[in-house]
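A.B. asks: With the input below, show me the fold.
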Amino acid sequence: MLKTSELEVVEALAALAQAQRLRAFRALVVAGAEGLTPSTLAALLQIAPSALSFHLKALSHAGLVSAEASGRNLIYRAEFARMNNLLTYLTQDCCQGQSCVAVTDTVKACC
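C.D. replies: Residues are numbered from 1 along each chain as shown. Got it, this is the predicted structure:
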């Protein structure tokens, strides 16, 4: 696992601190490894393609999403490793440094 710096955490949280970007990121998380095209994502979120492009650029700059060319389309995907590193950074000292209470079977594990 890569070590996440405080600056990277601040950049990622800043990117997610906007409703449309948060919604876009969550939609890409739900889409999983298949990802989504910008047109599909824009329709899903009911947002103008130009506005979505602005938000995807911010998420990409923060390392939270990636884009891959597939024919004439771009496929955007959530960067799960980056998300997990962010979550690890935020929770690494939980429970006052002690081993945390066991997660129950009813709680869904993160990617």
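A.B. asks: In terms of pLDDT, where does Asp105 sit?
C.D. replies: Here, the pLDDT recorded for Asp105 equals 51.
A.B. asks: Now do the helices in the protein.
C.D. replies: 6-16, 19-31, 38-45, 49-61, 80-91 (DSSP state H).
A.B. asks: Switch these over to a markdown table, and while doing so, append distance to Asn73, mean pLDDT and mean neighbour count to every line.
C.D. replies: Every C-beta, even on glycine, is put in place using the N, C-alpha and C of the backbone. Conversion of these to a markdown table gives the following (distance: least, Cβ to Cβ, whole Å; pLDDT from 0 to 100; neighbours: other Cβ atoms under 10 Å):
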| stretch | distance to Asn73 | mean pLDDT | mean neighbour count |
| --- | --- | --- | --- |
| helix 6-16 | 23 | 94 | 15 |
| helix 19-31 | 14 | 97 | 17 |
| helix 38-45 | 8 | 97 | 16 |
| helix 49-61 | 13 | 96 | 16 |
| helix 80-91 | 21 | 91 | 15 |
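A.B. asks: Ok, which of the ones you listed comes nearest Leu74?
C.D. replies: Leu74 lies closest to helix 38-45 among these, at 6.2 Å (Cβ to Cβ).
A.B. asks: re earlier: let me know which of the helices of the chain is the nearest to Gly71.
C.D. replies: helix 38-45 (13.2 Å).
A.B. asks: residues making contact with the closest one?
C.D. replies: The contact list for helix 38-45 (Cβ atoms under 8 Å, 6 or more residues apart in numbering) reads 20, 23-24, 27-28, 36, 48-49, 52-53, 56, 74, 76.
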